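*Asks:* okay, sequence plus prediction incoming.
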Amino acid sequence: MKPAPFHYERPDTLAAALALLAHNDPDTKILAGGQSLVPMMNFRLAKPERLIDINRLPGLDYIRLEGNEMAIGALARHADVKASAVVAKHVPLMHAAYEWIAHAAVRNRGTLCGNLCHSDPASEMPAIMLVCGATMVVKSQSKTRHVAAADFFLGLYETAVKPDEMLVEVRIPIATAGQTFGFEEVSMRKGDYAWAVVACLATVTAGKFAQVAVAAAGIGSRAIRLPSAEQAVNGKAATRTHCDAAGQAAYDAIDPFGDVANSAQYRRDLVRALVSRTLAQAAALPPVAKAA
Amino acid sequence: MKTVPVNMVVNDQNHNADVSPRLLLSDCLRHDLGLPGTHVGCEHGVCGSCTVVVDGRAARSCLMFAVQADGAQIKTIEGLSKDGALHPIQEAFWEEHGLQCGYCTPGMLMTAYELLTHNPNPSDDDIREAISGNLCRCTGYTYIVNAIRSAGAKMRALPTATAAAAAV
């Protein structure tokens, strides 16, 4: 199918883009990479009346270290974030996750900020923003808001960005000394949307977990933190038993959806296994030997 | 609906057109610019048969609007051969039987072109990773991987001047 007709605007400045958004029209969408929006438009699942193409806006493609945060601009392409040595060094969880995100052609045009605004339920980066405690910088013509990741992802394809606003930047706290991470994804093929994905950050000191953050995606309408899994290991010895207990706590707490491909029960099983594995990764526990 | 003027350089040729904003780049190339080598398989960004190179980077042309290509340098499959001579990647696909029906092939070739331009000596894992976004229903991929491996060897063996010309 071909997309439905729309009005096309291509502002040259951020101010011009925000002036267009100030009409506060819920049928206006921003076009950046288009790797999520255009497929929906081609299916006619999305029929925006107006597209604001922001690809000409200058100076928004930055990926830079600012103090103890990575600042990534609205037009930073996935390919560039993936290739960034600064990101690999300071937010190694993001770098590791990028191996699992989409394919080269999609990463060439798709943007991190666009992915966050689309908030696909099975997308990896929203879960990573949740564990990192990232902040989204959202601008309108009249004001700038700093929205914590915990308040950003609201529901199915729904974020805190209002019709007159644009996400201009995401700020991600960089890894602290001694912080480790874990990342696991299961999907049909590498690069597909996840059946379940789990990301975690932790500090392991004197063999004990501390400051544990765990999030999952692909199991519901949006990415979520898993506080019961976090509580199950925080302050406890970094052993396989405790990692498994965290997995069980997640299993008991979540209410995943089922679809034609995978049942809710399978997703529950996946999350239990992946939570345990990611925490074990973070603690650098040796992987479990397969049963003979 | 108002049309929008676009100017794009495709395979080193300048093109001007007035297009509807909703015209996909894939359809613009195929129907307006007379370049049907770029194929349309899924039209939602999963099969890769519409892959072209935009400003040096592989892109799914079914996920771009033609208006977005204003000012861009685009290379399609038609731009791979020069003066009737096959590009080394095309030669390799021919020799290694890297195609059957040919539907996925332009996309595979443009993806291989991007890979070999940035990574002249890829491992087999690198090759498989690079083509993981291109679906093929005929070949089972093994001969495609062989073809790209062979293409890399051909391109590395070229004298520098010709290699530079082939890489443009």
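*Replies:* That came in fine, so what should we check first?
*Asks:* from here on, contacts and neighbour counts on C-alpha atoms
*Replies:* OK.
*Asks:* contact partners for residue 8?
*Replies:* No chain in the question, so chain A it is. A:Y8 is in contact with A:50-53, B:21, counting by CA atoms under 8 Å, 6 or more residues apart in numbering or on different chains.
*Asks:* chain B is the one I meant
*Replies:* Neighbour list for B:M8: B:14-16, B:69-74 [criterion: CA under 8 Å, 6+ apart].
*Asks:* any idea how far the spatially most central residue of chain B lies from chain A?
*Replies:* By CA atoms, centre = their mean, the mean C-alpha position of chain B lies nearest to B:M110, the distance being 2.5 Å. The gap separating B:M110 from chain A is 10 Å, by CA to the nearest CA, to the nearest Å.
*Asks:* and the spatially closest residue to A:A194 that is not a sequence neighbour, what pLDDT?
*Replies:* Leaving aside its sequence neighbours, A:A194 sits nearest to A:S187 (CA to CA, 6 or more residues apart in numbering or on different chains; 4.7 Å). What the model reports for A:S187 is a pLDDT of 93.
*Asks:* tally of neighbours for A:S187?
*Replies:* Residue neighbour count, defined by other CA atoms under 10 Å in any protein chain shown, stands at 15 for A:S187.
*Asks:* isn't it right up against A:W195?
*Replies:* Yes: at 5.1 Å, A:S187 counts as touching A:W195 under the criterion of CA atoms under 8 Å.
*Asks:* and the helices in the chain, which stretches?
*Replies:* No chain was given, so I picked chain A. Using DSSP state H, the helices of chain A run over A:14-21, A:37-42, A:78-83, A:85-90, A:92-97, A:104-109, A:112-118, A:124-132, A:227-233, A:240-253, A:264-282.
*Asks:* I was after chain B.
*Replies:* Taking DSSP H to define them, one finds helices in chain B at B:25-27, B:88-95, B:105-118, B:124-130, B:142-157, B:160-167.
*Asks:* can you lay out these as TSV showing mean pLDDT?
*Replies:* TSV is the format used below for the helices of chain B (pLDDT from 0 to 100):
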stretch	mean pLDDT
helix B:25-27	98
helix B:88-95	98
helix B:105-118	97
helix B:124-130	97
helix B:142-157	98
helix B:160-167	59
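*Asks:* between the ones you listed, which one is nearest to A:L279?
*Replies:* helix B:124-130 (27.0 Å; CA to CA).
*Asks:* closest residue of the stretch 101-250 of chain A to chain B?
*Replies:* Nearest residue of the stretch 101-250 of chain A to chain B, counting by CA to the nearest CA: A:A105, 4.7 Å away.
*Asks:* what number of residues lie near that residue?
*Replies:* If you count neighbours by other CA under 10 Å, A:A105 ends up with 26.
*Asks:* what's the answer for B:K82, then?
*Replies:* B:K82 has 11 neighbours, counted by other CA under 10 Å.
*Asks:* where does A:A291 land on pLDDT?
*Replies:* pLDDT, A:A291: 50.
*Asks:* which positions in chain B make contact with chain A?
*Replies:* Where chain B comes near chain A, counting by CA under 8 Å from any CA of the partner chain, the residues are B:1-2, B:21-22, B:43-45, B:51, B:57-60, B:63-64, B:130, B:132-133.
*Asks:* around chain B, which positions in chain A sit nearby?
*Replies:* Counting by CA under 8 Å from any CA, the residues of chain A close to chain B are A:1-8, A:34-35, A:38-40, A:42-43, A:102-106, A:108-109, A:190-191.
*Asks:* give me the buried entries from these.
*Replies:* Among these, the ones that count as buried by 16 or more other CA atoms under 10 Å in any protein chain shown are A:2-8, A:34-35, A:38-40, A:42, A:102-106, A:108-109, A:190-191.
*Asks:* how much space between A:T278 and A:L285?
*Replies:* 10 Å (CA to CA, to the nearest Å).
*Asks:* looking at those two, which one has more neighbours?
*Replies:* Higher neighbour count among A:T278 and A:L285: A:T278, with 25 against 15, using other CA under 10 Å.
*Asks:* show me what contacts A:A148?
*Replies:* Residues in contact with A:A148, defined by CA under 8 Å, 6+ apart, are A:133-136.
*Asks:* give me that answer again for 6 Å
*Replies:* Going by CA atoms under 6 Å, 6 or more residues apart in numbering or on different chains, A:A148 touches A:T135.
*Asks:* got the contact list for A:Y193?
*Replies:* With CA under 6 Å, 6+ apart, A:Y193 has these contacts: A:A122.
*Asks:* gap between it and A:M125?
*Replies:* As judged by CA to CA, A:Y193 and A:M125 stand 11 Å apart.
*Asks:* just B:R137 next, same as before
*Replies:* Distance of B:R137 to A:M125, computed by CA to CA: 31 Å.
*Asks:* among those two, which residue is more densely surrounded?
*Replies:* Between B:R137 and A:M125, A:M125 has the larger neighbour count (other CA under 10 Å), namely 22 against 10.
*Asks:* hmm, back to that, confirm for me that the residue of the stretch 101-250 of chain A closest to chain B is in contact with B:G56.
*Replies:* No: counting by CA atoms under 6 Å, A:A105 does not reach B:G56; the two are 11.2 Å apart.
*Asks:* one step back: what's the closest of the helices of chain B to A:T144?
*Replies:* Shortest distance between A:T144 and the helices of chain B, using CA to CA, is found for helix B:25-27: 34.9 Å.
*Asks:* got the buried residues for the closest one?
*Replies:* Across helix B:25-27, burial judged by 16+ other CA under 10 Å covers B:25-27.
*Asks:* ok, residues contacting stretch A:17-25?
*Replies:* The contact list for stretch A:17-25 (CA under 6 Å, 6+ apart) reads A:11, A:140-141, A:163-164.
*Asks:* among the residues you listed, who's most crowded?
*Replies:* Greatest neighbour count in the contacts of stretch A:17-25, by other CA under 10 Å, goes to A:S140: 23 neighbours.
*Asks:* quick check on it: phi, psi?
*Replies:* As for A:S140, its main-chain torsions (degrees, to the nearest 10) stand at phi -120, psi 180.
*Asks:* shouldn't it be in contact with A:E165?
*Replies:* Yes: the pair A:S140 / A:E165 is scored as a contact, 4.4 Å apart, by CA under 6 Å.
*Asks:* what about A:P92, how many residues nearby?
*Replies:* Neighbours of A:P92 under the rule other CA under 10 Å: 18.
*Asks:* doesn't A:A217 make contact with the residue nearest to A:A194?
*Replies:* No: with contacts counted by CA under 6 Å, A:S187 stays clear of A:A217, the gap being 11.7 Å.
*Asks:* chain A: which of the buried residues of helix B:25-27 is nearest?
*Replies:* Of the buried residues of helix B:25-27, the one sitting nearest to chain A (CA to the nearest CA) turns out to be B:D27, at 9.8 Å.
*Asks:* for that closest one, which non-adjacent residue is closest in space?
*Replies:* Nearest in space to B:D27, with sequence neighbours left out and distances taken as CA to CA, 6+ apart, is B:C62 at 7.8 Å.
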